[in-house]
Structure formats: C-alpha cells, structure tokens
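K.L.:
fold the following, please.
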Amino acid sequence: MAGMTLLLVSTLLLSVPQSRQFHVVKEYKMWAEAQQYCREKFTDLATIDGMSENEVVKSLMHDAGVDLAWIGLKRGSRNKWQWSLADGDFYSQNEEFRNWASGQPVGQCVDQRLGGIWYANECSKIMPFICYDAANSTHVLLTERKNWADAQRYCRENHTDLTSVRNQAENDQIKKVRGSVLSAWVGLFSDAWEWSGGSNSSFRHWTTGEPNYGKADAWCTAITSSGQWNDEACVFSRNFICYDVAKTTIPTTTTTITTTTSRSPSTYSTRRVSTSESMSPTTDADASSSSSEPVSSTLHSLSTDRQSLGTNGTTSSATTNHTTPSHNHTTAAVKRQMVRVEVQTDSQVNMEDPAMLQAFLQQIQQRLRERGMPADAKLTWMRQPDGKVFQEKNDEK
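P.N.:
Sure thing, here's the model as predicted:
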C-alpha cells in the first residue's frame, strides 16, 4: 500500500571551473599598497589554494627574476580551526566533526589518541603522523616522529596531505590505522591568517620555523624563490603577486526537469524536480511558469560561459596592457553556487539511502548535461545540520 505523498527539499552544490590568472608585478610596494594595486588593476593579491598553484607562482617568479614577493595572506585577529587539505570539494557543507577530549582544545595542532579522542598540542611537539592518499582514498600511518609542520610537508611530498577527519566513521577508521601507536598528528590546525580576497582556503606552505612573528605591528606573507612562505612585517617593500578571475555568471532562475527515482535505484517512477539558485522557497507561480524554455536558457548560458574558456578550463590569453612589468599564468579555479531541489515522493521511499541519492544525482546530472551543462561541472549533495540531505517542506497556505 502506498504511503502519503511528501514534498522534500534539498540543496546541491554546483561547482563550475573558472580561469584564475596570476601576475608577477616587478614593482616594490608595502603589502597594503600592493593590495590596493592588485584590486585596482586585477582582482586582488594572490590566493594560493594548493601545491599545484604554488608551483605555478614559483615558476612565474623564476621567469621574472623575482626572489621574494607578497601574496594575499595576512595575519588576522582571531584564530579558527581548519584542515590542512585545502580542497573545498572534499568537505560537505556544514560538515564540522570534532572529537575533543575533556578540557580541549588548548593548543594549535591536533593529534588523535587512544579511543579516537583528539588533543590540541603545540605544533613543535614531535610524534608519528597520519597522511591521506587521495589516489586510493587511504590513510597511511608514519611512525617516524616529526613536528606538525614537518609531518605536513612529508605528507604533501609523498602522499596528498595530512589526513582529514570528516565524521565518526572516518575517525574510527583512522583509529584502526593508528593501531597501538599512542598518538599521531592529523591535519587539523588553528591559525589567524586570512586571505585578502576573502577565500577560506586553509593551504599554507611555510618555510621551516615560520611563521616566527618578530617585532612588528602587522604580519603579512611573502613567497620565496623556493616556493616556501615567510611571515614579514607588512611595512616592508616587496614585489608582489596579483590574480584575476574570468567572470562566469550562472543566472538565478527556477527550472523544472523531469527525472526518475523510486524505492529501488534500478526501478523508477516519474517525479518533478524544481531547481533554483535562490535559497528562498520556490513559489507555486514559479513552478507553474517553468517549462523546457527556462531550462534551456539557463543551461545555454552555462554553455556560452564555457565557450570563453579553453578546453582545459583555462583562458587562452595571458596578456596585460599595464605598463608595469608583469609576468602571468593562468590556472583553474572553481566557482561554487547552491542549487535548490524539490522532490515530490511517496513517504515510504527512503531518500536518504546512499544508493538512492547517488542514482538520483546521476540522473539530474545527466539531464542537465543533455541541456548543455559543462562536462566538467560537478554536482554534490549538501547536508543539513542534522546530517540529512532532504527535509520535508511545509507548504504555507
């Protein structure tokens, strides 16, 4: 016997590649002056999201003959916890698992101990550590004792990064990998450094012993010719790295497509799915006016934006008209937007079943790609604070 009909809502995260271009500016300025210059001529002082971008900037500096240059990282006033692995797609929205011991945290770098409990220590302490290897999605225990920064460097050079712990299941898995080792570093750390462009990137690549905070009122970050970073007084004059991003606009609109889901991923019944970039509820008027036309126009815009990019997601031009000597290079960046999803379903269908979610996601992705969504755009479910993907929508009459 069929159950009652429910209207469920959820949110997808749409990630669309963009082109980010770095510029080495061979002009000496204090950090604040360099920031102002970059904001006027480009987008901002450079944000560096990972080792691949760091290597690009290092190569540009070598080509330009620059040994030291400001980037957009400046010390702020308030510490925050973040993971060493700076990959936004690796973490779900509102995903902030912590497993602190009583009285913790009291330090800045985190290790896991017996029982899977976490402690925050001084980062200079030496102990074994656990790396994450993205190639095969495994956690690797290294029994060689290192401080947190050296452990991070080893993991990045030989695996992917220090391990991240996103949920209880992963915490239990890492506890099993640690075995009889009493404590081991993981990738969680706390610092007050902030990117000028507003990025939440947790990527850091400090030289050994840095940051060491000498005598100064404000501290900013410079990248060296080796690609490693130093903290320096912001009043020093340095060359600097700017970046700009090609603007990719995805119109806010309500679209309606027909997809298929059911209690079993292998058998389907027809459902209507409404998607909107707005987080506000979709109105009946919106839904009734939606047709194949809004879908086509929205996805056509996506396709048009994609045509302005090269085949690998980077712009084909790297020129500048500025008179200041500048060396530049383009790398891939990602624009993320939220897409609202509404599903009308039978109450007996478990929409939280992982196989159901995956099958449903694949169908939405396939239908959108058929209508022009870029092949390298990525859709992922965002979880609610209670850990669920869907929640029941209460219609207000």
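K.L.:
can I get the one helix or strand Gln362 maps to in PDB, CA atoms only?
P.N.:
Element membership of Gln362 [criterion: DSSP states H and E] is helix 354-370. The C-alpha coordinates for helix 354-370 follow below in PDB (Å, rounded to 0.1, in the frame of the first residue of the first chain):
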ATOM      1  CA  PRO A 354      23.100   6.300  -0.300                       C
ATOM      2  CA  ALA A 355      22.400   4.300  -3.400                       C
ATOM      3  CA  MET A 356      19.200   6.300  -3.900                       C
ATOM      4  CA  LEU A 357      21.000   9.600  -3.500                       C
ATOM      5  CA  GLN A 358      23.700   8.500  -6.000                       C
ATOM      6  CA  ALA A 359      21.200   7.300  -8.600                       C
ATOM      7  CA  PHE A 360      19.100  10.400  -8.200                       C
ATOM      8  CA  LEU A 361      22.200  12.700  -8.500                       C
ATOM      9  CA  GLN A 362      23.400  10.900 -11.600                       C
ATOM     10  CA  GLN A 363      20.000  11.300 -13.300                       C
ATOM     11  CA  ILE A 364      19.900  15.100 -12.500                       C
ATOM     12  CA  GLN A 365      23.500  15.500 -13.700                       C
ATOM     13  CA  GLN A 366      22.800  13.600 -17.000                       C
ATOM     14  CA  ARG A 367      19.600  15.600 -17.800                       C
ATOM     15  CA  LEU A 368      21.400  18.900 -17.200                       C
ATOM     16  CA  ARG A 369      24.400  17.900 -19.300                       C
ATOM     17  CA  GLU A 370      22.000  16.900 -22.100                       C
END
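K.L.:
what helices or strands is the helix or strand that that helix is followed by leaning on?
P.N.:
Next along the chain after helix 354-370, taking DSSP H and E as the criterion, comes strand 378-382. In terms of contacts (3 or more CB pairs under 8 Å, 6 or more residues apart in numbering; DSSP states H and E), strand 378-382 is packed against strand 5-29, helix 354-370. Quick note: C-beta positions are derived from backbone N, CA and C, even for glycine.
K.L.:
run me through the strand neighbours of the next helix or strand after strand 378-382, direction for each.
P.N.:
Under the assignment DSSP H and E, the closest C-terminal helix or strand after strand 378-382 is strand 391-392. Strand pairing for strand 391-392, using DSSP bridges, gives strand 5-29 (antiparallel).
K.L.:
can you tell me the average pLDDT over the helix or strand that comes right after the partner strand?
P.N.:
Sequence-wise, the next helix or strand downstream of strand 5-29 (DSSP H and E) is helix 31-41. Taken as a whole, helix 31-41 has a mean pLDDT of 97.
K.L.:
still on that earlier bit, out of the helices and strands packed on strand 378-382, which one sits most buried?
P.N.:
Per residue and on average, the most neighbours among these fall to strand 5-29, with a mean of 19 (mean count of other CB atoms under 10 Å).
K.L.:
still on that earlier bit, what helices and strands are in contact with the helix holding Gln362?
P.N.:
Under the contact criterion of 3+ CB pairs under 8 Å, 6+ apart, helix 354-370 touches strand 254-261, strand 378-382.
K.L.:
which of those strands has the lowest mean pLDDT?
P.N.:
Note on those: strand 254-261 shows the lowest mean pLDDT, a mean of 41.
K.L.:
how far does stretch 80-98 stretch from start to finish?
P.N.:
Chord length of stretch 80-98, first to last residue, is 13 Å (CA to CA, to the nearest Å).
K.L.:
before we move on, what about stretch 367-381?
P.N.:
Using CA to CA, the end-to-end distance of stretch 367-381 comes out at 16 Å.
K.L.:
for Ala359, give its distance to Asn350.
P.N.:
Distance check for Ala359 against Asn350: by CB to CB, to the nearest Å, it reads 12 Å.
K.L.:
how near is the spatially closest residue to Ser225 that is not a sequence neighbour to Ser226?
P.N.:
Once flanking residues are discounted, Ser225 sits nearest to Asp67: 4.7 Å by CB to CB, 6 or more residues apart in numbering. Asp67 is 9 Å from Ser226, where distance means CB to CB.
K.L.:
for those two, indicate the residue with more neighbours.
P.N.:
Just comparing Asp67 and Ser226: by other CB atoms under 10 Å the higher neighbour count belongs to Asp67, 14 against 11.
K.L.:
show me the domain layout of the chain.
P.N.:
What automatic domain parsing lists as the domains of the chain is 5-16+248-316+325-387, 20-78+196-245, 80-191.
K.L.:
quick one: the helices in the stretch 51-200 of the chain?
P.N.:
51-64, 148-158, 168-178 (DSSP state H, counting those that start in this stretch).
K.L.:
turn those into CSV, including mean neighbour count and mean pLDDT.
P.N.:
Below are the helices of the stretch 51-200 of the chain laid out as CSV (neighbours: other CB atoms under 10 Å; pLDDT from 0 to 100):
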stretch, mean neighbour count, mean pLDDT
helix 51-64, 17, 92
helix 148-158, 20, 93
helix 168-178, 16, 94
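K.L.:
nearest to Trp185, of those?
P.N.:
helix 148-158 (4.9 Å; CB to CB).
K.L.:
which residues does the closest one contact?
P.N.:
51, 84, 109, 121, 123-125, 129, 131-132, 142, 146, 161-163, 185, 187, 189, 206, 208 (CB atoms under 8 Å, 6 or more residues apart in numbering).
K.L.:
dump the C-alpha coordinates for that helix into PDB.
P.N.:
Output of helix 148-158 as PDB, limited to C-alpha atoms (Å, rounded to 0.1, in the frame of the first residue of the first chain):
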ATOM      1  CA  TRP A 148      53.300  19.000  12.800                       C
ATOM      2  CA  ALA A 149      54.700  21.300  10.000                       C
ATOM      3  CA  ASP A 150      57.400  18.700   9.000                       C
ATOM      4  CA  ALA A 151      54.700  15.900   9.000                       C
ATOM      5  CA  GLN A 152      52.500  18.100   6.800                       C
ATOM      6  CA  ARG A 153      55.500  18.700   4.400                       C
ATOM      7  CA  TYR A 154      56.200  14.900   4.300                       C
ATOM      8  CA  CYS A 155      52.600  14.000   3.500                       C
ATOM      9  CA  ARG A 156      52.400  16.600   0.700                       C
ATOM     10  CA  GLU A 157      55.600  15.400  -0.900                       C
ATOM     11  CA  ASN A 158      54.900  11.700  -0.600                       C
END
